[in-house]
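Novice: no sequence on this one, just coordinates:
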Ligand code: AMP
Ligand code: ZN
Ligand code: FE
Ligand code: FE
């Protein structure tokens, strides 16, 4: 099984890098890429743990872009995690995430919802490589007893249109794609079905993304076929994975079940390798 979409505690996953590799290996994954939101902090530790376990890895990232006020997730594969431009860009993304979380906490306080934000604040101040986000606020709301679960936290307070929602600002999908390419990576439009608009999907890939995520737990058989056909028609590279966020995160059953065919992985790895070779050339 090849799984190129996994999260750790460096963003909103519940598994440490070591735990993630153990869980993936136990589920039958043999090749993996960790794709945390706006951080590559876990890539070295996942690589080391995978090597010890005899698994293959590819560097990965899932960057949040904004198109007309909506979040669009762009995956980057084979990026040079030491690239200074990429690192500075990701640091700015995380800073804007921190500012947004602080605004959300202010709104919750104004609504009279007190929560213990200390661990969240510690994460924001001490570990600047960590990408914070609404799921952590949701867990704090659950811990404070204001809502029964994370889904209810989003439904009542955190989702778009709810009272503690704070709009996000950020770069366009095309800009994010260019930054991934400049860092030696291959950019893929994540979980296109989430956009709910295939015209927009075609527009976004037409604006310079060379890959699309066809295999994802949100895609039923019909959607998988549809995006596979779109990829083949536009000669796009195909990516895929479980979007695992750790045990008890809701979708954990996809680990070991949703993955990428070997032929697609070979094509992605080829493109990433030739891009890396191109960057090394004078
Ligand atoms: P953020 O990056 O801070 O905007 O948080 C977005 C993340 O929250 C997504 O990647 C999902 O993992 C999670 N999320 C978004 N909407 C919901 C929802 N309705 N219920 C549970 N989790 C959600
Ligand atoms: Zn996530
Ligand atoms: Fe995503
Ligand atoms: Fe994801």
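Specialist: The structure has been received and is ready for your questions. Because the structure is a prediction, the values reported are computed rather than measured. Ligands and ions are numbered 1, 2, ... in the order given.
Novice: which residues does the nearest residue to residue 201 once chain neighbours are set aside contact?
Specialist: Leaving aside its sequence neighbours, residue 201 sits nearest to residue 192 (CB to CB, 6 or more residues apart in numbering; 4.5 Å). Any C-beta I mention is one placed from the backbone N, CA and C, and that applies to glycine too. Contacts for residue 192 (CB atoms under 8 Å, 6 or more residues apart in numbering) come out as 198, 201, 212, 213, 227.
Novice: Just the buried residues from those, in ChimeraX please.
Specialist: A single ChimeraX command selects the buried members of the contacts of residue 192 (16 or more other CB atoms under 10 Å):
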select :201,212,213,227
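Novice: Looking at the contacts of residue 192, which is nearest ligand 4?
Specialist: residue 213 (9.4 Å; CB to the ion).
Novice: Just flag the most distant two among the contacts of residue 192.
Specialist: 198 and 213 (13.9 Å; CB to CB).
Novice: and residue 167, how many neighbours?
Specialist: 9 (other CB atoms under 10 Å).
Novice: For the host helix or strand of residue 33, what is the distance to the chain centroid?
Specialist: Using DSSP states H and E, residue 33 maps to strand 31-34. Strand 31-34 has its C-alpha centroid displaced from the chain centroid by 12 Å (CA atoms, centre = their mean, to the nearest Å).
Novice: Please apply the same query to stretch 130-145.
Specialist: For stretch 130-145, the separation from the chain centroid amounts to 17 Å (computed by CA atoms, centre = their mean).
Novice: got a list of contacts for that stretch?
Specialist: Counting by CB under 8 Å, 6+ apart, 9-12, 36-39, 41, 93-94, 97-98, 101, 104-105, 108, 113-117, 119-120, 123-124, 147-150, 153-154, 157-158, 164, 245 sit against stretch 130-145.
Novice: Let's test this: mean pLDDT of it, rounded?
Specialist: Per-residue pLDDT over stretch 130-145 has a mean of 94.
Novice: Filter the contacts of stretch 130-145 down to just the ones in helices.
Specialist: 93-94, 97-98, 101, 104-105, 108, 119-120, 123-124, 150, 153 (DSSP state H).
Novice: List only those of these flagged as buried.
Specialist: 93-94, 97-98, 101, 104-105, 108, 120, 123-124, 150, 153.
Novice: And the strands in the chain, which stretches?
Specialist: 2-6, 31-34, 56-57, 60-67, 70-77, 186-189, 211-215, 237-240 (DSSP state E).
Novice: Dump the ones you listed into a markdown table; add distance to residue 259 as well.
Specialist: Shown next, in a markdown table, are the strands of the chain (distance: least, CB to CB, whole Å):
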| stretch | distance to residue 259 |
| --- | --- |
| strand 2-6 | 5 |
| strand 31-34 | 9 |
| strand 56-57 | 13 |
| strand 60-67 | 14 |
| strand 70-77 | 14 |
| strand 186-189 | 15 |
| strand 211-215 | 6 |
| strand 237-240 | 6 |
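Novice: rewinding a little: which strands and helices sit next to the strand holding residue 33?
Specialist: Applying 3 or more CB pairs under 8 Å, 6 or more residues apart in numbering; DSSP states H and E, we find strand 31-34 packed against strand 2-6, helix 17-26, helix 43-53, strand 56-57.
Novice: Could you list the buried residues of the first one?
Specialist: When you say that, I think you mean strand 2-6. Within strand 2-6, the residues that count as buried by 16+ other CB under 10 Å are 2, 3, 4, 5, 6.
Novice: What separation do you get for the last one and residue 87?
Specialist: Separation of residue 6 from residue 87 (CB to CB, to the nearest Å) stands at 21 Å.
Novice: sorry, back to before: nearest to ligand 1, of the contacts of residue 192?
Specialist: Nearest to ligand 1 among the contacts of residue 192: residue 213, at 13.8 Å, using CB to the nearest ligand atom.
Novice: in the sheet, who's paired with that closest one?
Specialist: Assessed by DSSP bridges, residue 213 has beta-bridge partners residue 239.
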